[in-house]
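Asks: Got a predicted structure plus its sequence, pasted below:
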Amino acid sequence: MTGDLFTYKADSIDNGQRLDRVLQRLKPELSLRGARRILERGLAQVNGRKRGALYRVTAGDALVVHSEPTRPGGVDDAGVRLLRLTEKYAFFHKPAGLHTASISGSGEASLEALLSALHPDHDLRLLTRLDRETSGIIACALFPEAEETFRTVERTGQVNKYYLAQVHGEVVAPLYLNAALDTDSRRKTRCLRGKSGDRITRAEPLVSGEKAAAALWGAPPEGPSTLMLVCIRRGARHQIRAHLAHAGFPLIGDTLYGTRREAALPLRLHHACLVFPGLCIRDLPDCPCFTEALKDRIGS
């Protein structure tokens, strides 16, 4: 679909149909999600105007789908790279500063928008997401049945997601954080005082904190800090950031849950390892200090 200019004049069969479904009917190789991605990227116009997936087509409408813009230097110039490809899944490294999912109408780059170029043989489906400023592993399914399998093992607590996080303050003992999270219609997730929830964040300090942190994020910030290994299973929006801040150890570089004076520092949160039945995916820099710091802590 992308790469060629496509034009079509709607007829009576299309009258009253949603635009995404019309586009999918015209190009059967597209999934409904694939059709929506094209519309979200602004590549389709109806009668000379960009329209969304829910636009109702009228007989006689002129549909034009433009070619995908070429990224200078190819898709790798975004810092995205393939970590591993299996028969069911693809795992990518997402750099900080790149959205995971496409945001309709924003025009900002996202990993989701790159998926068709990164792996054109499949309609990849996002299984995990990271905040824009969080780096690390993103998992995708190659087909619907693989997505269903992953959702099942995740729902039953068989998926472990390990993060490296550098926080303000000295943490000397493991943390078990289970404050209930209020994520409804808010930019900022709120921890509910005195209430426990089912989303658990486990965090433990690592021995070689400063050297390992420097390998990921550069020089340490002013004041005491601790490099933490954080594990969650089924995450909620901003779970790690909210839980650690609520416990008194906000992430360095987190201007939403920490201090706004740190705008120049990167958010020090990295999804380093994903473990579920039969697979262990790692995304760590080539640094000897990590070998010792993470020994026996995450899956091999």
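Replies: That came through fine. Numbering: from 1, shown residues only.
Asks: In three-state terms, how would Phe150 be classified?
Replies: Recorded secondary structure, Phe150: helix (DSSP: H, G, I helix; E, B strand; the rest coil).
Asks: Not counting its neighbours along the chain, what's nearest it?
Replies: Nearest residue to Phe150 in three dimensions, chain neighbours excluded: Leu127, at 5.2 Å (Cβ to Cβ, 6 or more residues apart in numbering). Heads up, the C-betas are built off the backbone N, CA and C, glycines and all.
Asks: Secondary structure element holding the closest residue to Leu265 other than its chain neighbours?
Replies: Among residues not flanking Leu265 along the chain, Gly253 sits closest, at 4.0 Å (Cβ to Cβ, 6+ apart). For Gly253, there is no enclosing helix or strand under DSSP states H and E.
Asks: Tell me which residues touch Gly253, please.
Replies: 133, 262, 265-268 (Cβ atoms under 8 Å, 6 or more residues apart in numbering).
Asks: Pretty sure Ala203 sits in a helix.
Replies: No: counting by three-state DSSP, Ala203 is not found in a helix; it is strand.
Asks: contacting residues around it?
Replies: With Cβ under 8 Å, 6+ apart, Ala203 has these contacts: 165, 171, 174-175, 177, 228-231, 244.
Asks: now, the most widely separated pair of these?
Replies: Using Cβ to Cβ, the two most remote members of the contacts of Ala203 are Val171 and Cys231, lying 14.6 Å apart.
Asks: pLDDT wise, what is the residue nearest the centre of the chain at?
Replies: A centroid search over the chain (Cα atoms, centre = their mean) returns Arg129, at 2.5 Å, as the residue closest to the centre. Confidence at Arg129, expressed as pLDDT, is 93.
Asks: Over to Val22?
Replies: 89.
Asks: Pull the helix or strand hosting it out as CSV, backbone CA atoms only.
Replies: In this structure, Val22 sits in helix 19-26 according to DSSP H and E. The C-alpha coordinates for helix 19-26 follow below in CSV (Å, rounded to 0.1, in the frame of the first residue of the first chain):
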residue,chain,number,x,y,z
LEU,A,19,-13.2,5.2,5.9
ASP,A,20,-10.8,2.6,7.5
ARG,A,21,-13.1,-0.2,6.5
VAL,A,22,-13.4,1.0,2.9
LEU,A,23,-9.6,1.3,2.7
GLN,A,24,-9.2,-2.3,4.1
ARG,A,25,-11.7,-3.6,1.5
LEU,A,26,-9.8,-1.9,-1.3
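Asks: which strands and helices sit next to that helix?
Replies: Helix 19-26 is packed against helix 32-40, strand 44-46, strand 62-65, with contacts defined by 3 or more Cβ pairs under 8 Å, 6 or more residues apart in numbering; DSSP states H and E.
Asks: Was I right to think the residue nearest to the centre of the chain contacts Ala101?
Replies: Yes: Arg129 is within contact range of Ala101, at 6.1 Å (criterion: Cβ atoms under 8 Å).
Asks: circling back to that earlier point, now the angle between helix 32-40 and the helix holding Val22, please.
Replies: 120 degrees (axes from the mean of the first three to the mean of the last three Cα atoms, to 10 degrees).
Asks: Any buried residues in helix 19-26, and which?
Replies: 19-20, 22-24, 26 (16 or more other Cβ atoms under 10 Å).
Asks: and what of stretch 237-244?
Replies: Neighbour-count burial for stretch 237-244 [16+ other Cβ under 10 Å]: 238-244.
Asks: how about JSON lines for those residues, with distance to Arg37 and secondary structure added?
Replies: JSON lines is the format used below for the buried residues of stretch 237-244 (distance: Cβ to Cβ, whole Å; DSSP: H, G, I helix; E, B strand; the rest coil):
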{"residue": "His238", "distance to Arg37": "25", "secondary structure": "coil"}
{"residue": "Gln239", "distance to Arg37": "27", "secondary structure": "helix"}
{"residue": "Ile240", "distance to Arg37": "28", "secondary structure": "helix"}
{"residue": "Arg241", "distance to Arg37": "28", "secondary structure": "helix"}
{"residue": "Ala242", "distance to Arg37": "30", "secondary structure": "helix"}
{"residue": "His243", "distance to Arg37": "32", "secondary structure": "helix"}
{"residue": "Leu244", "distance to Arg37": "33", "secondary structure": "helix"}
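Asks: Format those as TSV; extra columns: pLDDT and distance to Asp182.
Replies: Compiled in TSV, these are given as follows (pLDDT from 0 to 100; distance: Cβ to Cβ, whole Å):
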residue	pLDDT	distance to Asp182
His238	93	11
Gln239	94	12
Ile240	96	16
Arg241	95	14
Ala242	94	9
His243	96	13
Leu244	96	17
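Asks: just these now: which is nearest Asp283?
Replies: Out of the buried residues of stretch 237-244, the member with the shortest distance to Asp283 (by Cβ to Cβ) is Ile240, at 16.1 Å.
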